[in-house]
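Q: Quick check, what structure comes out for this input:
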Amino acid sequence: MVEAAGDPWEIYDAALPFAGTTYGFGRQRVRMAVVGLGGGALLVVSPGTDLREAQWEQLSRWGTPRFLLAPNHFHHAGLPAWKARFPEAKVVAHPRAQTFLRIKRRGIPIEDLSLLEAALPDGVRVFSPPVAKQGETWVSVKTSEGAAWFVTDGIVNEEHLPRGPLGLLLRVLGFRAELMTNPFFKRFFVEDKTAYKAWVRAELDRDRPVLFVPSHGAPLRGADVCDRLRAVTDAA
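A: Take a look at the predicted model:
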């Protein structure tokens, strides 16, 4: 991960661009991502809520958000602010997330992923576990180093857990400060765990990612990323 001097974004691939930054989500920080679609159009994944002016300025140098992706029915807090700032941007989500999002974000049109998929350039794709009840959607980006995955809730890589009652609750649910399949996601939103594991393995074989960018936790980069993701999937 490279962060330019004075630039608060994490830059994963400057040419595309492909970048991320974290934002406040309760007592935790979660990550959003920006992906270039060509011609100055941008895809914003899990739009955040508390960007600083320097971040908005950097975003404007990359281009203009054309799509705002709610990557499941939980990650929607920033949609009102982003839609107000970029009224022409289309808000898209997986069909399984749309009903809940329309309730939580009344007045914001929620459109189908197919609208985004038709605009994706070569090397960028969105893909969703077919057994995920909350409409979990991941993004694969072909970078100069190889494939990168942005994963919202399915796989996490927390460096530490919060203290107090929240931390205790997370530990009871099975969370640890390490790369792992999200226990909450696995327990409550995966309809068929065997099918989920098979799907993840097939997607890993397809892309062989060398960069993993989670919404929850620290990014991982290196030749062993694919094997590490396979290991935590098999252990789920």
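Q: Can you list the low-confidence ranges for the chain?
A: Scanning the chain for pLDDT under 70 picks out the ranges 1-7, 26-27, 167.
Q: would you list every one of the strands in it?
A: Counting by DSSP state E, one finds strands in the chain at the ranges 10-13, 18-25, 28-38, 41-45, 64-69, 90-93, 110-112, 124-127, 138-142, 147-151, 155-157, 179-181, 211-214, 220-221.
Q: I'd like those as TSV, with distance to Trp199 and mean neighbour count appended.
A: Glycine gets a C-beta too; all of them are placed from N, C-alpha and C. Formatted as TSV, these follow (distance: least, CB to CB, whole Å; neighbours: other CB atoms under 10 Å):
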stretch	distance to Trp199	mean neighbour count
strand 10-13	24	19
strand 18-25	24	20
strand 28-38	21	21
strand 41-45	20	22
strand 64-69	20	21
strand 90-93	19	24
strand 110-112	21	16
strand 124-127	9	18
strand 138-142	11	21
strand 147-151	13	24
strand 155-157	13	23
strand 179-181	13	20
strand 211-214	17	23
strand 220-221	20	18
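Q: List the contacts of the most centrally placed residue in the chain.
A: Centroid-nearest residue in the chain: Thr152, 3.9 Å away (criterion: CA atoms, centre = their mean). Going by CB atoms under 8 Å, 6 or more residues apart in numbering, Thr152 touches 45-46, 71-72, 75, 136-138, 215.
Q: Drop anything exposed from these.
A: 45-46, 71-72, 75, 136-138, 215 (16 or more other CB atoms under 10 Å).
Q: The closest residue to Asp153 other than its chain neighbours: how many residues sit nearby?
A: Leaving aside its chain neighbours, Asp153 sits nearest to Phe185 (4.9 Å; criterion: CB to CB, 6 or more residues apart in numbering). Per other CB atoms under 10 Å, the neighbour tally for Phe185 reads 23.
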